[in-house]
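Participant: Give me the fold of what follows.
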Amino acid sequence: MPTTTELYYFAHEAEEQIDTRPPVILLHGAGGIHLSWPPQIRRLAGEKVYAPNLPGHGKSEGAGRQSIDEYADDVLAFMKELKIDAAVIVGHSMGSAVALTLALKYPKQVLGLGLLGSGSKLRVSQTLLETVGNPNTFEAAVGMVNENCFSADAPQNLLELSRRTMLEIRPPVLSGDFLACNEFDVTSQLENINIPTLIICGAEDKMMPVKFSESLRDAIANSQLHILENAGHMVMLEQPDAVADLLKKFVDGIPLKVKKARKKRVTPVIDQPE
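Facilitator: Have a look, this model is predicted:
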């Protein structure tokens with residue numbers, strides 16, 4: 001997998017790339033990596049997909065951030081380096097906050113939004129903020145977060161894999177993620193978002209209950225909400241096929257904004273008689 005602007009990322013090219021299709025960028029949540037997105041979504045049929053690890057996550061360089069705005073600027077730099085003029089930005093939890101921030105700060109670069117397990121603000125409990133950055137309580141804090149990220153019927157092996165992945169994140173990085181989430185609040189700005197928006201939430205989401213996704217739908221004019229049964233906060237891991245199908249239909253409906261080329265003035269050629 002390649003690296004650019006110190007971000008390690010996954011890239012998927014469609015077998016038959018269509019120039020009029022917008023690229024898709026997947027942004028993971030707090031303590032996540034590109035593998036937070038299952039293969040059905042990372043390799044979305046017929047689409048060009050990028051899934052970067054944010055700074056300090058996975059094999060990406062850096063120490064992580066403590067603000068959503070900084071993460072948004074990292075993603076913008078990533079897009080510029082790869083010469084991506086505009087894309088459909090899909091984010092989960094903290095990644096959705098980054099996606100919303102990009103849409104508000106850099107609207108020309110965002111053709112559509114996919115928001116999973118999202119909300120206009122992402123408050124974090126004081127207990128979690130105090131324990132997740134402490135090496136002595138880090139493992140217990142991760143366990144608590146992980147247990148609340150899945151539905152009651154989620155397979156045990158899925159929970160264990162998620163827990164192990166989050167434990168690989170350094171405590172200061174995960175602590176910074178949760179601090180960034182806790183400070184995030186764009187409730188008063190949602191009316192400024194006019195692009196197509198897909199909102200997906202697990203019916204059993206304990207971290208960001210359905211009401212937060214409903215509030216997004218009510219505030220964002222051009223939005224649609226899908227609530228998936230038998231899924232919690234990690235809705236894309238518990239219902240990968242359903243999420244992939246929804247994303248595919250959504251992206252298929254978004255045209256790529258093509259820059260109008262300047263017309264060159266052509267001098268007509270007049271045939272001369274022989």
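Participant: Off-centre distance for stretch 43-61?
Facilitator: 10 Å (C-alpha atoms, centre = their mean, to the nearest Å).
Participant: can you tell me the distance between the two ends of that stretch?
Facilitator: Stretch 43-61 has its terminal residues 24 Å apart, counting by C-alpha to C-alpha, to the nearest Å.
Participant: can you tell me which residues contact residue 114?
Facilitator: 88-91, 99, 197-198, 200, 247, 250 (C-beta atoms under 8 Å, 6 or more residues apart in numbering). The C-beta positions use only the backbone N, C-alpha and C, and glycine is treated the same way.
Participant: what mean pLDDT does the helix or strand hosting it have?
Facilitator: Per DSSP states H and E, residue 114 falls inside strand 110-116. Per-region confidence: strand 110-116 scores 98 on mean pLDDT.
Participant: ditto for stretch 246-264
Facilitator: The pLDDT scores in stretch 246-264 average 72.
Participant: Residue 253 and residue 197 touch, don't they?
Facilitator: No - using C-beta atoms under 8 Å, residue 253 makes no contact with residue 197, being 11.8 Å away.
Participant: Would you mind telling me which of the two has more residues around it?
Facilitator: Shown here are residue 253 and residue 197; by other C-beta atoms under 10 Å, residue 197 has more neighbours (25 against 10).
Participant: and that one, what is it in contact with?
Facilitator: Contacts of residue 197 by C-beta under 8 Å, 6+ apart are 112-115, 216, 220, 222-224.
Participant: can you give me the helices for the protein?
Facilitator: For the chain, the helices defined by DSSP state H cover 39-42, 68-81, 94-105, 126-131, 138-147, 156-167, 171-183, 210-219, 235-238, 240-252.
Participant: Please name whichever of these is nearest to residue 61.
Facilitator: Residue 61 sits nearest to helix 68-81 of all these, at 10.8 Å, using C-beta to C-beta.
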